Structure formats: structure tokens, C-alpha cells
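In: sequence below, structure please.
(chains A, B, C and D)
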2 protein chains.
Amino acid sequence: MPTLDRAPSRGSPETKDRILAAAEALFMEQGYGSTSLRAITAKAKVNLAAVNYHFGSKGSLIRAVFDRRLGPLNQARLDHLRRLEREADGQPLAPEAVLEAMIAPALQLSRDPLQQGAAFLRLLGRALSEPAETMKDVLPNHYREVVLRFKEAFVRALPHVPEQELIWRMHFTFGAMAYAMAGNDALQLIATCDAEGASDPEAIIRRLVPFLAAGLEAPLPTLARPHASHSPDTNTNRQAA
Amino acid sequence: MPTLDRAPSRGSPETKDRILAAAEALFMEQGYGSTSLRAITAKAKVNLAAVNYHFGSKGSLIRAVFDRRLGPLNQARLDHLRRLEREADGQPLAPEAVLEAMIAPALQLSRDPLQQGAAFLRLLGRALSEPAETMKDVLPNHYREVVLRFKEAFVRALPHVPEQELIWRMHFTFGAMAYAMAGNDALQLIATCDAEGASDPEAIIRRLVPFLAAGLEAPLPTLARPHASHSPDTNTNRQAA
DNA sequence: GCATGATTCAAACAATCGTTTGAATCGCCT
DNA sequence: AGGCGATTCAAACGATTGTTTGAATCATGC
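Out: Residues are numbered from 1 along each chain as shown, chains lettered A, B, ... in the order given. Reported below is the predicted structural model:
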């Protein structure tokens, strides 16, 4: 029977963290199912049985990987948003400010070179589209409050956007954020022109926020659908917005 | 020694396709590493050895899964774009038109209920953030021409956007597209308000295109960075765009 | 009708998987 | 010192992994 939640009297101050760090790195670069506990324990330089001793199972391990990062990250997001709202003194925030409250904490995590925060962001970006059995509940549980609070903030920041439309735009926003912060280069889009500052996270946020803000504030789509496809008239060109 | 590329004289008109379909479905709902060949062959109702006989290995199988879908999909995108450009008769396209050329073929694939196109789009959305060893080259090879041609189209559709900035915005655009078309509900964002028509792909495109077009046409970010964070002045609110 | 090549099949291959075990080791307490 | 709980360790567990084998089955050629 492994230890309960009792703090280790003196034993292992770093064994659990070493396992978490190694698992984070390997899950990121190989995926969950393709990463063996032996590869994790080898990278962490701990005994194979240490994983089951400290975490119980492989499934609990990946859950612990996300728990360690997601709690502080989302709390920082909520704190950042609350601070901006207090400073605004009742006035609704600009959409850019709400976006920044969402992105900046992740950026700060990515900045820290000591911890491998960037690796976690890539892992998170992939996990958002992974319906893996093992962490069916962990992401929704961590993000529930964030989604709720930021939806309120966006509703007040964008009063002219109907709520249904806003939810969809938040969906698109989170997608672009996850993709951008995960640093996906699968399409080698960057390589086609070798964009400058690709590795600078702050440059990304400076370009991402205006992009998303403009999308959030876009004019509402027509309810009737003119089926803009293959319409031979030329006024579908230029100056659509 | 398995068969070369020779067309099967009469033997198996459907065994390979059954394997591809089963693999597509299982890779989507379990991930690559977590899906065993036995699970695939069981779902496809073929013999276990059929995978290695027809495809050579598990890695070649997932590569074949993407090859089967990505070729026609991206060709349809290129055709759609070329047709719109011909109809425009030299005039630059609207950004919305270029976006539609990118999205509509995927939408059509998703529509087909006979084939499990929607499942493939979810698989593709996840694969974009998977640096899996097995398909390191398959995605870039398929997308190289698409990225190149659509970049040209976007450059002409958005002449006021510098090329570097445009590349970044295409990056964000593809991220939001992948996320939206993959139907990611990991955050249960939709569930918070149960958005209407969540399952209707055409409704998604009608909301996604204006969102992305506005982002692509957004005013350029300031080159100097005023460090908009925790700035106590209130003019960061309202009317930023 | 029978040889031929492609395909399917049941069975087994070695390897690796996650997990468990029981003894050895460590650090701390009275 | 010595006992005690927490932790580490080497070794093994049965189960499952991807892959291979060789015979059986099929359709087709002459």
C-alpha cells in the first residue's frame, strides 16, 4: 500500500518531480501511449517501480503532470483578469485586455527556461485535441472556472456580439491560441519564409492579440447565407469587411 | 516478401480499405500509440497479418491513412482556389474567398456521412500537433504546395499586410481552422451554453470565415511594445480596433 | 486440370508493456 | 542502539505488443 498524501518525512524531495519532468518531456515528444514507463524512469534516473509507488499507475502519472501545471497557470489567468477588472474600476475591459489576461500567464510559463514550461505548453496544445481515456475529466475540471469567468469578461467587453456568436468566437480564439502557443510547425509554414523571431514568445503575443481581437469584434455574419462560393459576380472581391 | 505496387489481380478489393477505415477510427479515438494492430484488425474483421502484408508495418499504415485523405483534400483546395481566381479575372480575391477555398473542401469531406470524413478531420487536427516519429514527413509533404499557393493568394488579397505579419496570421488562421474543424470539445466550451448547431459544419464555416477574415485584416500591431500589461491608465479600454 | 501467384489464416516469435513483489536501504525517533 | 515507516532496488509477473512464418485458400492463366 503506497503512501497516502502525507508529506515525505525526509525521504524524496525530488524523485516525484524528476518523474514528472521526464514524463512531461517524453509525453510531449512521443505521445502518451508511445511512451513507456521504462523510458520515463530511465530519463528521470529513478527506479522503474518508483512510478507506481508514487503515482499508482501510468494513467495517474499523466493526470499528475497536468495537475501540477494547470492549477497555477489557470489561477494566474484568473488573478490577472481580476486585477485588470479592478483597475478598470467598473468600466468594461477592452477585448485586448481580456485576451492578454488569458495569454500572458502562459507566456510567462513559456519564458521560464529553468522549468520546461514550453514543453508543457506543447503537450497541452496536443492534449486539447486528445480524447484519451486516461484524462477524460482532468482538462474540463481545470478549465471550467476559467471558461466561465472569461466568458463573462468577453460578454462585457463585446456587448454588441450576441452570446451564441461570442461562444463560437471564443472557441476559435482558444484554438488559435493553443496552436500558436504550442509552437506547431507541422506545416512548416514558418519555414517557407523563415519568419523572424519565431522563437520569441513575446513577439507571438504581440501579433496574436490584435489578430484575435479583430476576429472577436468582427461584423456579424449574415444570417441568410448567400452561398458566396462560385458566385461569378465580382463584388465578392475587395472590401468585404 | 509482400506484394509490390502491382494492382491486385482480383484478390482483395476491400481488405485494404477496411483496414484503413478501422485504423482511422481507432487512431482518432485512442491515439496512435495506444491503438494495437489487433484492435484494428478486429474492427476491420480481417486477419491480424493482413496489416503487415498490405502495408508493411504499423508506421506505414498510419502514413497510408493520411495519404488516402490528404491528397484529394488538398487537391480540391487548390482546384477551388484556382477556380475562384479564374472567375475573378485578374482582380485580387477577397480574403473571405481565399478562406473559403481552404475550408470548403474540408467541410465537404466532413459532410459525407458514408465515409467517415469527420473522423479523419479530428485525426488530422490532432496530428498537426503531434511530432510523432512515424509521420515526420507526411504532413509537410502534403501541405507544402497548399501553403505556398495560399500564401500567394493571401498576399494578393491583403496587400496592406507585410509578408512577415501575414505569415504569422496564416499560422493563427490554420490553428483556429484545425481546432474548429476537429470539433474539439475538450474545454466543454460549448457545453457551458450549449451552442445551437454545434454539429452543423456549415454553421461553423459561416461563423469561422468572418472571424478569420477580420483577424487577417486587423490593423497592424505597434512595432514598439508599450508593455500594455498592468498599465493603470484606462485608455486601453474600449475602441481599441 | 493443374500450375501459379496473390491473399488469408492460425499460430507462434521475441520483445516490451504496466504492474507487483519482497528484500535492502535510508532517515528519523525515543 | 535499535526499531520503524518511508523509500529504493533488482527481479520477476502475466499480458500484450508488432512482426514473422508456413501452410491453406482463392482466383485466374494456359
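In: chain center to the helix or strand of chain A with the lowest mean pLDDT: distance?
Out: Lowest by mean pLDDT, DSSP states H and E among the helices and strands of chain A is helix A:117-127, with a mean of 85. Chain-centre distance of helix A:117-127: 7 Å, with CA atoms, centre = their mean, to the nearest Å.
In: next one: stretch A:164-171
Out: Counting by CA atoms, centre = their mean, stretch A:164-171 comes out at 17 Å from the chain centroid.
In: the residue lying closest to A:Ala119 once chain neighbours are set aside: how many residues sit nearby?
Out: In space, not counting the residues next to it along the chain, A:Ala119 is nearest to A:Met28; the distance is 4.8 Å by CB to CB, 6 or more residues apart in numbering or on different chains. In this view, the C-beta of every residue, glycine as well, is placed from N, C-alpha and C. A:Met28 has 24 neighbouring residues, counting by other CB atoms under 10 Å in any protein chain shown.
In: the one 4 residues further on now?
Out: With neighbours defined by other CB under 10 Å, the count for A:Tyr32 comes to 26.
In: and the least confident helix or strand of chain A, what does it pack onto?
Out: On a contact count with 3 or more CB pairs under 8 Å, 6 or more residues apart in numbering or on different chains; DSSP states H and E, helix A:117-127 meets helix A:15-30, helix A:58-88, helix A:95-111, helix A:163-181.
In: let me know which of those is tucked in deepest.
Out: helix A:163-181 (a mean of 24; mean count of other CB atoms under 10 Å in any protein chain shown).
In: which element is encountered next along the chain beyond that one?
Out: helix A:201-216 (DSSP states H and E).
In: which pLDDT does the model give the most centrally placed residue in chain A?
Out: The centre of chain A sits closest to A:Ala178, judged by CA atoms, centre = their mean, with a distance of 4.9 Å. At A:Ala178, the model reports a pLDDT of 86.
In: the closest residue to it other than its chain neighbours: neighbouring residues, count only.
Out: Leaving aside its chain neighbours, A:Ala178 sits nearest to A:Gly125 (4.6 Å; criterion: CB to CB, 6+ apart). As a burial measure, A:Gly125 scores 23 neighbours (other CB under 10 Å).
In: for A:Gly215, give me its contacts.
Out: Neighbouring residues of A:Gly215 by CB atoms under 8 Å, 6 or more residues apart in numbering or on different chains: A:Arg169, A:Phe172, A:Thr173, B:Ala176, B:Phe211, B:Leu212, B:Ala214, B:Gly215, B:Ala218.
In: could you rerun that using 6 Å?
Out: Neighbour list for A:Gly215: B:Phe211, B:Ala214, B:Gly215 [criterion: CB atoms under 6 Å, 6 or more residues apart in numbering or on different chains].
In: got any ranges where chain A has weak pLDDT?
Out: Within chain A, the ranges that satisfy pLDDT under 70 run A:1-13, A:113-114, A:129-134, A:184-199, A:223-241.
In: let's see 50
Out: Residues of chain A that meet the criterion pLDDT under 50 lie in A:1-11, A:225-241.
In: re earlier: got TSV for the contacts of A:Gly215, with distance to DNA strand C too?
Out: Converted to TSV, the contacts of A:Gly215 look like this (distance: CB to the nearest atom of the strand, whole Å):
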residue	distance to DNA strand C
B:Phe211	40
B:Ala214	45
B:Gly215	41
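In: hang on, isn't A:Ala213 packed against A:Ala97?
Out: No. Using CB atoms under 6 Å, A:Ala213 is not in contact with A:Ala97; the gap is 9.5 Å.
In: does the residue nearest to A:Ala178 touch A:Ala182 like I think?
Out: Yes. At 2.7 Å, A:Gly125 and A:Ala182 qualify as touching, with contact defined as CB under 6 Å.
In: what secondary structure does the spatially closest residue to A:Arg156 that is not a sequence neighbour sit in?
Out: Leaving aside its sequence neighbours, A:Arg156 sits nearest to A:Pro92 (CB to CB, 6+ apart; 4.3 Å). Remark: A:Pro92 carries the secondary structure label coil [criterion: DSSP: H, G, I helix; E, B strand; the rest coil].
In: right, is stretch A:51-60 up against DNA strand D?
Out: Yes. Legend: contact between stretch A:51-60 and DNA strand D by CB under 7 Å from any atom of the strand is shown at A:Tyr53, A:His54.
In: show me which residues of that stretch are buried.
Out: A:Val51, A:Tyr53, A:His54, A:Phe55, A:Lys58, A:Ser60 (16 or more other CB atoms under 10 Å in any protein chain shown).
In: can you add distance to B:Lys43 and give these back as CSV?
Out: Supplementary listing: the buried residues of stretch A:51-60 in CSV, determined by distance: CB to CB, whole Å:
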residue, distance to B:Lys43
A:Val51, 31
A:Tyr53, 36
A:His54, 36
A:Phe55, 31
A:Lys58, 24
A:Ser60, 28
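In: between these, which is nearest DNA strand C?
Out: A:Lys58 (3.7 Å; CB to the nearest atom of the strand).
In: so how far is DNA strand D from the closest residue to the closest one other than its chain neighbours?
Out: Leaving aside its chain neighbours, A:Lys58 sits nearest to A:Leu37 (5.9 Å; criterion: CB to CB, 6+ apart). Plainly put, A:Leu37 is 10 Å away from DNA strand D if you go by CB to the nearest atom of the strand, to the nearest Å.
In: thinking A:Leu37 is in contact with A:Val51, fair?
Out: Yes. The criterion here is CB under 6 Å, and A:Leu37 meets it with A:Val51 at 5.2 Å.
In: OK, contacts around the closest residue to A:Phe55 other than its chain neighbours?
Out: Nearest residue to A:Phe55 in three dimensions, chain neighbours excluded: A:Leu61, at 4.5 Å (CB to CB, 6+ apart). By CB under 6 Å, 6+ apart, A:Leu61 lies in contact with A:Ala23, A:Val51, A:Phe55.
In: what's the answer for A:Pro221, then?
Out: B:Arg206, B:Arg207, B:Pro210.
In: that one in helix, strand or coil?
Out: With three-state DSSP as the criterion, A:Pro221 reads coil.
In: so what does it look like in phi/psi?
Out: phi -70, psi 150 (degrees, to the nearest 10).
In: how about it, nearest residue that isn't a chain neighbour?
Out: B:Pro210 (4.7 Å).
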